[in-house]
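In: Predicted model and sequence follow; I will ask about them next.
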Amino acid sequence: MLQFESKLKIKEQIYNDKQNNKHIGFVPTMGALHSGHLSLVEQSKKENDVTVVSIYVNPTQFNDPNDLKKYPRSLEKDLEILRKYECDYVFVPNDAEMYPEKDTRVFDFGELDKIMEGKHRAGHFNGVAQIVSKLFEIIKPDNAYFGFKDYQQYMIIKQMVLKLNMNINIIACPIVRESDGLAMSSRNLLLSPEERKNAAVISQVLFKAKEKNRSIPIPDLKKQVVAEINNNPMLSVEYFEIVDETDMSISHEWQKQKKHVGCIAVNLGTIRLIDNIVF
């Protein structure tokens, strides 16, 4: 595994690979790697000649400075894991490398940025688009891999790639869960043992909602899910929305021919967890 801190050096390396007709797969991460990230690495390895993973905690996507400060970082452990998984290149830039000057670009994602994460984390997706577009310019991947847990982010990045005319396939990989159903997340590392135990309630309630097999109208199901999770004194639902899978418009009733996605954000003490389920 080759490690790069310099964008010029990794660009050079990838240019040479492309000259040799190699397909490049890319997994952008903020580190604190878990099995969810590694499933993306495995998918990339199956589908490409070269797999690149980036590890960079991007400051522009945090709307809360405390959240940025406490975000888990475990670089040495991450590098060890990637070596074991035979990742080809890892790109580990610092802030000066990624933001030699302030990025003032403002992206317009229309309604997509006004609901759920966009509504509750002002500026978050603009920061995501800033860093991902920069990384795409450096790595120039054929395929880029994202987890379905961050479904809204996946849709934002798909839209960004279209707007910027980037010829990159954006691939969503299934959510990887802990044995009790909790969606894997780097933030899970910040939970106390008691919080961790209670966090499993989120996915359990979502699975139960899915089992109802659309037999309950959407407004009633939303109320039920929120009430059931809020019934746990350690949990507080920030939002629960059911959206159309294709364009993320808010769904008010079930459509036979369409898939819907139930997206949730829950606060557990000072930690905020997201999850989703497809109906």
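Out: In hand now; what should we look at? Because the structure is a prediction, the values reported are computed rather than measured.
In: Ile218: how many residues sit nearby?
Out: 18 (other CB atoms under 10 Å). C-beta coordinates here come from the backbone N, C-alpha and C atoms, glycine included.
In: That should have said Leu235, apologies.
Out: 20.
In: From Leu206, how far out is it?
Out: 13 Å (CB to CB, to the nearest Å).
In: What number of residues are in the vicinity of Leu79?
Out: 19.
In: contacting residues for it?
Out: The contact partners of Leu79, by CB atoms under 8 Å, 6 or more residues apart in numbering, come to 1, 3, 90, 92.
In: Repeat the analysis, applying 6 Å as the threshold.
Out: By CB atoms under 6 Å, 6 or more residues apart in numbering, Leu79 lies in contact with nothing.
In: Leu182 now?
Out: 199-200, 203 are the contacts of Leu182 under CB under 6 Å, 6+ apart.
In: next SSE after the helix or strand of the chain with the lowest mean pLDDT?
Out: In the chain, no helix or strand scores lower on mean pLDDT, DSSP states H and E than helix 65-70, which sits at a mean of 92. Using DSSP states H and E, the helix or strand that follows helix 65-70 towards the C-terminus is helix 75-84.
In: Tell me how far the residue nearest the centre of the chain lies from Asn16.
Out: Computing the C-alpha centroid of the chain and ranking residues by CA atoms, centre = their mean puts Asp150 first, at 3.8 Å. Asp150 sits 32 Å away from Asn16, going by CB to CB.
In: Would you map the helices across the protein?
Out: Listed in chain order, the helices of the chain (DSSP state H) span 7-19, 35-47, 65-70, 75-84, 95-98, 117-120, 124-139, 151-163, 193-211, 218-230.
In: Just the buried residues of the third one, please?
Out: It refers to helix 65-70. Buried residues in helix 65-70, counted by 16 or more other CB atoms under 10 Å: Asp67.
In: Check the second one too.
Out: Neighbour-count burial for helix 35-47 flags 36-45 (criterion: 16+ other CB under 10 Å).
In: tell me which strands and helices that helix is in contact with?
Out: strand 24-29, strand 143-147, strand 169-173 (3 or more CB pairs under 6 Å, 6 or more residues apart in numbering; DSSP states H and E).
In: average pLDDT for the first one?
Out: It stands for strand 24-29. The average pLDDT within strand 24-29 is 99.
In: Send me the least confident helix or strand of the chain as PDB with only the CA atoms.
Out: Extracted in PDB, the C-alpha atoms of helix 65-70 (Å, rounded to 0.1, in the frame of the first residue of the first chain):
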ATOM      1  CA  PRO A  65     -17.100  23.300  16.100                       C
ATOM      2  CA  ASN A  66     -17.500  20.900  19.100                       C
ATOM      3  CA  ASP A  67     -18.600  18.100  16.800                       C
ATOM      4  CA  LEU A  68     -15.400  18.600  14.700                       C
ATOM      5  CA  LYS A  69     -13.200  18.700  17.800                       C
ATOM      6  CA  LYS A  70     -14.600  15.400  19.200                       C
END
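In: Any regions of the stretch 1-150 of the chain where pLDDT drops low?
Out: Nowhere does the stretch 1-150 of the chain drop to pLDDT under 70.
In: For Asp88, give its distance to Ile202.
Out: 35 Å.
In: Compare the two and say which is more crowded by neighbours.
Out: Ile202 (24 against 20).
In: right, and that one touches Asp275 too?
Out: Yes - with contact defined as CB atoms under 6 Å, Ile202 counts as touching Asp275 (5.4 Å).
In: got a list of contacts for stretch 19-37?
Out: Here stretch 19-37 has contacts from 40-41, 44, 48-55, 57, 72-74, 78, 81, 135, 139, 141-145, 147, 176, 184, 186, using CB under 6 Å, 6+ apart.
In: What of stretch 69-77?
Out: By CB under 6 Å, 6+ apart, stretch 69-77 touches 31-32, 57, 186, 189.
In: Recalculate using a threshold of 8 Å.
Out: 30-33, 55, 57, 62, 92, 186-187, 189-190.
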